[in-house]
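**Student:** structure, please.
(one chain, ligands or ions: 1)
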Amino acid sequence: MADPSQPAIAVAVRGVAKRYGAVQALAGVDLEVKRGEFFALLGPNGAGKTTLISALGGLAIADSGTLTVMGHDVRTDYRAARRSVGIVPQELVFDPFFTVRETLEIQSGYFGLRDNGKWIDELLSKLALVSKARANMRSLSGGMKRRVMVAQALVHRPPVIVLDEPTAGVDVELRRTLWDFVRELNAAGHTIVLTTHYLEEAQELCSRIAMMRDGRIVALDTTANLLAAFSERVLRVKINCELPASLVASARDEGGGWWRIPVQDSAHVEDALAKLRAAGAAVESLEVAEPELEQVFLKIMRQRPEGS
Ligand SMILES: Nc1ncnc2c1ncn2[C@@H]1O[C@H](COP(=O)(O)OP(=O)(O)OP(=O)(O)O)[C@@H](O)[C@H]1O
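**Tutor:** Residues are numbered from 1 along each chain as shown. Predicted coordinates for the structure are as follows:
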């Protein structure tokens, strides 16, 4: 529940820029993630998502601007900021000579947590790693290593959890296990920031979304608003004759007797079906496709950048 002693803003990014040689990886990013949010950071390859996450974890130093985690500046108050965030990296970074449990114990040690056994047991259990606790890291499959990366990021029970493409190349079962666990953590009050190229995951899980392109935020709104503003419901019908003239203007021929008709709500669906009936068209098949984040994403990414 809301704890008034905790800041309302979990992550604040203000005017952050970062250049790697000729590449402007971040070109002035402003962003706030509220405490308790399940937030998505989306964008095509190279948009700057990982750079922003690295800056948040203190691994990359921004050229300008400020970043805070739970009110702690990542540069001037590094230790407190670092304690406040758990980052699951995109890349699998581990020491091959330690077992899974040792890896988690060593990570706990970095945070000065000596008696962390109970929480480590819980993490192993939640991430289905109990049977691998004594296995060496090098002997694990890629998906299992990924689970350990998640556990490692959570050993210190950080209030803010950042997951950088956690489900890239992992199987359906781990995805489900992982999302169930992350949802549980979010329900318990943890703030979640997620990057993913699986847009259906972001649509299902996240209440607010930022989209990045070329180091800038190009869209930032609730998932519902983004879907309402940029996406459409579509009625798809397969008919055995010509489409009535009253529907032709808005419809698109998909071939094979299928037509795609944009509809705003169920009244529009009924209206379109009534027009088909009135024209004597027999509907062989029909479906109503709900708005999809992928449509929104593609529309936003195709918009011309300002000033070009
Ligand atoms: N250490 C680095 N040295 C040089 N260039 C870098 C470095 N890290 C990132 N970049 C460049 O900065 C830009 C942003 O990269 P970044 O990894 O942040 O993108 P991303 O949105 O996370 O992409 P992806 O979806 O592929 O993970 C890219 O052009 C990348 O090549």
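
**Student:** residue 278 touches residue 271, doesn't it?
**Tutor:** No. Assessed by Cβ atoms under 8 Å, residue 278 is found out of contact with residue 271, at 10.5 Å. Where C-beta positions appear, they are placed from N, C-alpha and C, glycine not excepted.

**Student:** the more surrounded of these two?
**Tutor:** Neighbours of residue 278 and residue 271, each counted by other Cβ atoms under 10 Å, are more numerous for residue 271; the result is 16 against 10.

**Student:** so what's the backbone phi/psi at the more buried one?
**Tutor:** As for residue 271, its main-chain torsions (degrees, to the nearest 10) stand at phi -60, psi -50.

**Student:** check the burial of residue 93 by counting its neighbours.
**Tutor:** For residue 93, the neighbour count with other Cβ under 10 Å is 9.

**Student:** look up how far the ligand lies from it.
**Tutor:** 14 Å (Cβ to the nearest ligand atom, to the nearest Å).

**Student:** cool, residue 185 as well?
**Tutor:** Residue 185 is 23 Å from the ligand, by Cβ to the nearest ligand atom.

**Student:** quick one, what contacts that residue?
**Tutor:** Listed by Cβ atoms under 8 Å, 6 or more residues apart in numbering, the contact set of residue 185 reads 154, 161, 192.

**Student:** can you give me the strands for the chain?
**Tutor:** 9-20, 23-34, 38-42, 64-69, 72-73, 85-88, 160-164, 191-195, 208-213, 216-222, 233-239, 252-255, 258-263, 283-289 (DSSP state E).

**Student:** any chance of the ones you listed in a markdown table, with mean pLDDT too?
**Tutor:** A markdown table is the format used below for the strands of the chain (pLDDT from 0 to 100):
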| stretch | mean pLDDT |
| --- | --- |
| strand 9-20 | 97 |
| strand 23-34 | 97 |
| strand 38-42 | 97 |
| strand 64-69 | 97 |
| strand 72-73 | 97 |
| strand 85-88 | 96 |
| strand 160-164 | 96 |
| strand 191-195 | 97 |
| strand 208-213 | 97 |
| strand 216-222 | 96 |
| strand 233-239 | 91 |
| strand 252-255 | 90 |
| strand 258-263 | 90 |
| strand 283-289 | 91 |
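
**Student:** okay if I get the ones you listed as JSON lines plus distance to the ligand and mean neighbour count?
**Tutor:** Below are the strands of the chain laid out as JSON lines (distance: least, Cβ to the nearest ligand atom, whole Å; neighbours: other Cβ atoms under 10 Å):
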{"stretch": "strand 9-20", "distance to the ligand": "3", "mean neighbour count": "18"}
{"stretch": "strand 23-34", "distance to the ligand": "3", "mean neighbour count": "18"}
{"stretch": "strand 38-42", "distance to the ligand": "8", "mean neighbour count": "25"}
{"stretch": "strand 64-69", "distance to the ligand": "14", "mean neighbour count": "20"}
{"stretch": "strand 72-73", "distance to the ligand": "21", "mean neighbour count": "16"}
{"stretch": "strand 85-88", "distance to the ligand": "13", "mean neighbour count": "23"}
{"stretch": "strand 160-164", "distance to the ligand": "7", "mean neighbour count": "24"}
{"stretch": "strand 191-195", "distance to the ligand": "7", "mean neighbour count": "24"}
{"stretch": "strand 208-213", "distance to the ligand": "7", "mean neighbour count": "23"}
{"stretch": "strand 216-222", "distance to the ligand": "12", "mean neighbour count": "17"}
{"stretch": "strand 233-239", "distance to the ligand": "28", "mean neighbour count": "19"}
{"stretch": "strand 252-255", "distance to the ligand": "31", "mean neighbour count": "10"}
{"stretch": "strand 258-263", "distance to the ligand": "30", "mean neighbour count": "18"}
{"stretch": "strand 283-289", "distance to the ligand": "27", "mean neighbour count": "12"}
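
**Student:** so which residues of this protein form helices?
**Tutor:** 49-56, 78-84, 100-110, 117-126, 142-154, 172-187, 199-205, 223-230, 245-248, 266-278, 293-302 (DSSP state H).

**Student:** pipe those into TSV and attach mean pLDDT per row.
**Tutor:** As requested, the helices of the chain are exported to TSV (pLDDT from 0 to 100):
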stretch	mean pLDDT
helix 49-56	96
helix 78-84	95
helix 100-110	96
helix 117-126	96
helix 142-154	93
helix 172-187	92
helix 199-205	94
helix 223-230	89
helix 245-248	86
helix 266-278	89
helix 293-302	90
